[in-house]
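Asks: Just the structure for this:
(chains A and B)
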Amino acid sequence: QKEVEQNSGPLSVPEGAIASLNCTYSDRGSQSFFWYRQYSGKSPELIMFIYSNGDKEDGRFTAQLNKASQYVSLLIRDSQPSDSATYLCAGINAGGTSYGKLTFGQGTILTVHP
Amino acid sequence: EAGVTQFPSHSVIEKGQTVTLRCDPISGHDNLYWYRRVMGKEIKFLLHFVKESKQDESGMPNNRFLAERTGGTYSTLKVQPAELEDSGVYFCASSQYRLYEQYFGPGTRLTVT
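Replies: Just a heads-up that it's a prediction; the model follows:
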(Lines give C-alpha, C1' and ligand atoms only; values in the text may rest on other atoms or scores of the structure.)
Protein backbone atom coordinates (compact mmCIF):
# COMPACT_ATOMS: atom_id res chain seq x y z
CA GLN A 1 0.00 0.00 0.00
CA LYS A 2 1.36 3.40 -0.95
CA GLU A 3 1.83 5.80 1.94
CA VAL A 4 -0.02 8.56 0.11
CA GLU A 5 -2.54 7.73 -2.61
CA GLN A 6 -4.34 10.07 -4.93
CA ASN A 7 -7.17 9.39 -7.32
CA SER A 8 -5.27 8.78 -10.49
CA GLY A 9 -7.36 10.87 -12.81
CA PRO A 10 -7.03 12.49 -15.16
CA LEU A 11 -9.78 14.78 -13.98
CA SER A 12 -11.53 17.00 -16.45
CA VAL A 13 -13.93 19.77 -15.43
CA PRO A 14 -15.55 22.64 -17.31
CA GLU A 15 -14.50 26.19 -16.63
CA GLY A 16 -16.33 27.62 -13.64
CA ALA A 17 -17.00 24.24 -12.03
CA ILE A 18 -15.64 22.89 -8.76
CA ALA A 19 -12.69 20.52 -9.08
CA SER A 20 -12.33 17.99 -6.27
CA LEU A 21 -9.00 16.30 -5.69
CA ASN A 22 -8.66 13.53 -3.14
CA CYS A 23 -5.87 11.89 -1.23
CA THR A 24 -5.66 9.16 1.42
CA TYR A 25 -2.72 8.30 3.61
CA SER A 26 -1.67 5.27 5.60
CA ASP A 27 0.75 6.74 8.18
CA ARG A 28 -1.30 7.79 11.19
CA GLY A 29 1.75 9.70 12.42
CA SER A 30 1.45 12.12 9.52
CA GLN A 31 0.54 15.47 10.94
CA SER A 32 0.56 18.01 8.14
CA PHE A 33 -0.48 17.83 4.55
CA PHE A 34 0.39 19.86 1.53
CA TRP A 35 -1.00 20.46 -1.89
CA TYR A 36 1.46 21.31 -4.61
CA ARG A 37 0.63 22.34 -8.16
CA GLN A 38 3.02 21.40 -10.93
CA TYR A 39 2.76 22.70 -14.45
CA SER A 40 4.32 20.55 -17.12
CA GLY A 41 8.11 20.82 -17.00
CA LYS A 42 8.06 23.17 -14.03
CA SER A 43 8.80 22.86 -10.33
CA PRO A 44 6.13 21.88 -7.80
CA GLU A 45 4.60 25.00 -6.25
CA LEU A 46 3.08 24.95 -2.75
CA ILE A 47 -0.51 26.18 -2.84
CA MET A 48 -1.93 25.07 0.51
CA PHE A 49 -1.08 23.23 3.68
CA ILE A 50 -3.32 21.95 6.47
CA TYR A 51 -2.63 20.33 9.83
CA SER A 52 -5.91 20.60 11.73
CA ASN A 53 -9.07 18.60 11.14
CA GLY A 54 -11.63 20.52 9.16
CA ASP A 55 -11.49 23.01 6.35
CA LYS A 56 -8.98 25.69 5.45
CA GLU A 57 -9.86 28.22 2.80
CA ASP A 58 -7.56 30.42 0.73
CA GLY A 59 -9.20 32.26 -2.12
CA ARG A 60 -10.66 29.75 -4.55
CA PHE A 61 -8.94 26.84 -2.79
CA THR A 62 -10.25 24.85 0.18
CA ALA A 63 -8.24 22.09 1.79
CA GLN A 64 -10.03 19.54 3.96
CA LEU A 65 -8.47 17.14 6.45
CA ASN A 66 -10.12 14.24 8.24
CA LYS A 67 -7.56 12.47 10.40
CA ALA A 68 -9.99 9.79 11.57
CA SER A 69 -10.58 8.74 7.97
CA GLN A 70 -7.00 9.55 6.92
CA TYR A 71 -8.33 11.64 4.09
CA VAL A 72 -7.24 14.94 2.58
CA SER A 73 -8.89 16.84 -0.22
CA LEU A 74 -8.51 20.00 -2.23
CA LEU A 75 -11.45 21.83 -3.74
CA ILE A 76 -10.92 24.41 -6.43
CA ARG A 77 -13.91 26.67 -6.94
CA ASP A 78 -14.61 28.54 -10.16
CA SER A 79 -11.99 26.47 -11.97
CA GLN A 80 -10.04 28.28 -14.67
CA PRO A 81 -8.09 26.87 -17.62
CA SER A 82 -4.96 28.19 -15.87
CA ASP A 83 -5.65 25.70 -13.06
CA SER A 84 -4.85 22.86 -15.49
CA ALA A 85 -1.84 21.14 -13.96
CA THR A 86 -0.79 18.12 -11.94
CA TYR A 87 -1.77 18.38 -8.28
CA LEU A 88 0.42 16.63 -5.77
CA CYS A 89 -0.65 15.67 -2.28
CA ALA A 90 2.11 15.26 0.30
CA GLY A 91 2.25 14.46 3.99
CA ILE A 92 4.87 14.95 6.66
CA ASN A 93 5.50 13.04 9.87
CA ALA A 94 7.22 15.47 12.17
CA GLY A 95 8.46 12.83 14.58
CA GLY A 96 12.03 11.54 14.67
CA THR A 97 14.85 12.58 12.39
CA SER A 98 12.70 12.55 9.23
CA TYR A 99 10.76 15.64 10.21
CA GLY A 100 11.55 17.36 6.93
CA LYS A 101 10.60 14.48 4.66
CA LEU A 102 7.64 15.06 2.40
CA THR A 103 5.91 11.87 1.24
CA PHE A 104 4.15 12.46 -2.06
CA GLY A 105 1.28 10.83 -3.86
CA GLN A 106 1.61 10.13 -7.55
CA GLY A 107 -0.35 13.21 -8.54
CA THR A 108 -3.66 13.91 -10.25
CA ILE A 109 -3.75 15.60 -13.63
CA LEU A 110 -6.47 18.24 -13.78
CA THR A 111 -7.72 19.70 -17.03
CA VAL A 112 -10.12 22.63 -17.01
CA HIS A 113 -11.71 23.06 -20.41
CA PRO A 114 -13.31 26.30 -21.60
CA GLU B 1 14.22 37.17 -4.15
CA ALA B 2 15.75 34.47 -6.33
CA GLY B 3 14.22 31.03 -6.06
CA VAL B 4 15.91 27.67 -5.82
CA THR B 5 18.16 27.11 -8.81
CA GLN B 6 19.51 23.85 -10.16
CA PHE B 7 22.20 23.06 -12.67
CA PRO B 8 22.24 21.55 -15.20
CA SER B 9 18.64 21.47 -16.37
CA HIS B 10 19.31 18.36 -18.42
CA SER B 11 22.09 15.79 -18.40
CA VAL B 12 22.53 12.78 -20.65
CA ILE B 13 25.29 10.38 -19.67
CA GLU B 14 26.25 6.80 -20.37
CA LYS B 15 25.97 4.02 -17.87
CA GLY B 16 29.06 3.91 -15.69
CA GLN B 17 29.83 7.60 -15.98
CA THR B 18 29.73 10.14 -13.19
CA VAL B 19 27.36 13.08 -12.94
CA THR B 20 27.22 15.91 -10.44
CA LEU B 21 24.06 17.91 -9.91
CA ARG B 22 24.11 21.27 -8.20
CA CYS B 23 21.46 23.08 -6.16
CA ASP B 24 21.53 26.65 -4.90
CA PRO B 25 18.84 27.18 -2.27
CA ILE B 26 17.05 30.40 -1.53
CA SER B 27 19.47 32.68 0.27
CA GLY B 28 19.32 32.24 4.03
CA HIS B 29 17.50 28.92 3.93
CA ASP B 30 19.20 26.51 6.31
CA ASN B 31 17.19 23.48 5.22
CA LEU B 32 17.92 21.87 1.87
CA TYR B 33 16.29 18.75 0.49
CA TRP B 34 16.84 16.46 -2.48
CA TYR B 35 14.00 14.54 -4.08
CA ARG B 36 13.77 12.37 -7.17
CA ARG B 37 11.01 11.39 -9.53
CA VAL B 38 11.56 8.41 -11.77
CA MET B 39 9.29 7.79 -14.74
CA GLY B 40 5.76 6.91 -13.74
CA LYS B 41 6.44 7.08 -10.01
CA GLU B 42 5.82 9.60 -7.29
CA ILE B 43 8.38 12.14 -6.11
CA LYS B 44 10.54 10.48 -3.46
CA PHE B 45 12.64 12.00 -0.74
CA LEU B 46 16.40 11.45 -0.85
CA LEU B 47 17.88 13.52 1.95
CA HIS B 48 17.71 16.62 4.12
CA PHE B 49 20.52 18.98 5.12
CA VAL B 50 20.37 21.43 7.98
CA LYS B 51 23.10 23.88 7.15
CA GLU B 52 26.07 21.68 6.27
CA SER B 53 24.94 18.63 8.26
CA LYS B 54 22.96 15.68 6.96
CA GLN B 55 19.82 15.56 9.09
CA ASP B 56 18.21 12.64 7.29
CA GLU B 57 19.59 10.56 4.45
CA SER B 58 17.13 7.70 4.78
CA GLY B 59 15.99 8.05 1.16
CA MET B 60 19.39 7.70 -0.49
CA PRO B 61 19.09 4.58 -2.65
CA ASN B 62 22.64 3.26 -2.32
CA ASN B 63 26.25 4.27 -1.90
CA ARG B 64 26.58 5.35 -5.51
CA PHE B 65 24.90 8.57 -4.43
CA LEU B 66 26.89 11.17 -2.50
CA ALA B 67 25.46 14.48 -1.38
CA GLU B 68 27.42 17.37 0.07
CA ARG B 69 26.63 20.86 1.19
CA THR B 70 29.70 22.99 1.38
CA GLY B 71 29.59 25.68 4.05
CA GLY B 72 25.86 25.33 4.37
CA THR B 73 25.22 27.07 1.07
CA TYR B 74 24.89 25.21 -2.23
CA SER B 75 24.65 21.45 -2.42
CA THR B 76 25.86 18.85 -4.88
CA LEU B 77 24.56 15.38 -5.56
CA LYS B 78 27.00 13.05 -7.26
CA VAL B 79 26.05 9.77 -8.86
CA GLN B 80 29.02 7.47 -9.45
CA PRO B 81 28.82 5.22 -11.37
CA ALA B 82 25.46 5.96 -12.93
CA GLU B 83 23.05 3.13 -13.71
CA LEU B 84 20.05 3.07 -16.05
CA GLU B 85 17.60 3.13 -13.13
CA ASP B 86 19.03 6.45 -11.94
CA SER B 87 17.26 8.23 -14.79
CA GLY B 88 14.64 10.68 -13.63
CA VAL B 89 14.11 14.24 -12.49
CA TYR B 90 16.07 15.34 -9.46
CA PHE B 91 14.50 18.16 -7.49
CA CYS B 92 16.05 20.29 -4.83
CA ALA B 93 14.00 22.22 -2.30
CA SER B 94 14.78 24.58 0.54
CA SER B 95 13.02 26.00 3.56
CA GLN B 96 13.80 28.33 6.44
CA TYR B 97 12.02 28.60 9.76
CA ARG B 98 8.81 27.04 8.54
CA LEU B 99 10.26 23.67 7.77
CA TYR B 100 7.10 22.55 6.08
CA GLU B 101 7.08 25.29 3.46
CA GLN B 102 9.51 23.78 1.05
CA TYR B 103 10.26 25.68 -2.15
CA PHE B 104 11.25 23.55 -5.08
CA GLY B 105 13.72 24.18 -7.85
CA PRO B 106 13.01 23.44 -11.51
CA GLY B 107 14.74 20.06 -11.37
CA THR B 108 17.51 18.37 -13.29
CA ARG B 109 16.41 15.78 -15.80
CA LEU B 110 18.98 12.99 -15.79
CA THR B 111 19.03 10.43 -18.56
CA VAL B 112 21.38 7.46 -18.29
CA THR B 113 21.79 5.53 -21.53
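Asks: got the phi/psi numbers for A:Gly29?
Replies: Backbone torsions of A:Gly29, given as degrees, to the nearest 10, read phi -80, psi -10.
Asks: so what's it closest to, chain neighbours aside?
Replies: Spatial nearest neighbour of A:Gly29, chain neighbours left out: A:Asn93 (4.4 Å); criterion: C-beta to C-beta, 6 or more residues apart in numbering or on different chains. In short, each C-beta sits where N, CA and C put it, glycine included.
Asks: burial count for the one you found?
Replies: A count of nearby residues for A:Asn93, using other C-beta atoms under 10 Å in any protein chain shown, gives 18.
Asks: and B:Trp34, that one's in a strand?
Replies: Yes - assessed by DSSP: H, G, I helix; E, B strand; the rest coil, B:Trp34 belongs to a strand.
Asks: Run the chain-centre distance for stretch B:91-103.
Replies: Here stretch B:91-103 is found 13 Å from its chain centre; the criterion is C-alpha atoms, centre = their mean, to the nearest Å.
Asks: Just the buried residues of it, please?
Replies: Neighbour counts over stretch B:91-103 (16 or more other C-beta atoms under 10 Å in any protein chain shown) mark B:91-95, B:99-100, B:102-103 as buried.
Asks: Tell me which residues are up against that stretch.
Replies: Identification of contacts with stretch B:91-103 by C-beta atoms under 8 Å, 6 or more residues apart in numbering or on different chains yields A:32, A:34, A:43-44, A:46, A:49, A:92, A:99-100, A:102, B:3-4, B:6, B:21, B:23, B:25-26, B:28-37, B:43, B:75, B:104-105, B:107.
Asks: are any of those residues buried, and which?
Replies: By neighbour count, with 16+ other C-beta under 10 Å, the contacts of stretch B:91-103 hold A:32, A:34, A:43-44, A:46, A:49, A:92, A:100, A:102, B:4, B:6, B:21, B:23, B:25-26, B:29-37, B:43, B:75, B:104-105, B:107 as buried.
Asks: B:Ser87 reaches B:Val112, doesn't it?
Replies: Yes - at 4.9 Å, B:Ser87 counts as touching B:Val112 under the criterion of C-beta atoms under 8 Å.
Asks: Same drill for these two, tell me which one is more crowded.
Replies: Neighbours per residue (other C-beta under 10 Å) separate B:Ser87 from B:Val112, with B:Val112 holding more: 20 against 17.
Asks: And the more buried one, how far from chain A?
Replies: In this view, B:Val112 and chain A are 20 Å apart by C-beta to the nearest C-beta, to the nearest Å.
Asks: which other helices and strands contact the helix or strand A:Met48 falls within?
Replies: Per DSSP states H and E, A:Met48 falls inside strand A:45-50. Counting contacts by 3 or more C-beta pairs under 8 Å, 6 or more residues apart in numbering or on different chains; DSSP states H and E, strand A:45-50 is packed against strand A:32-38, strand A:54-58, strand A:61-66, strand A:71-76.
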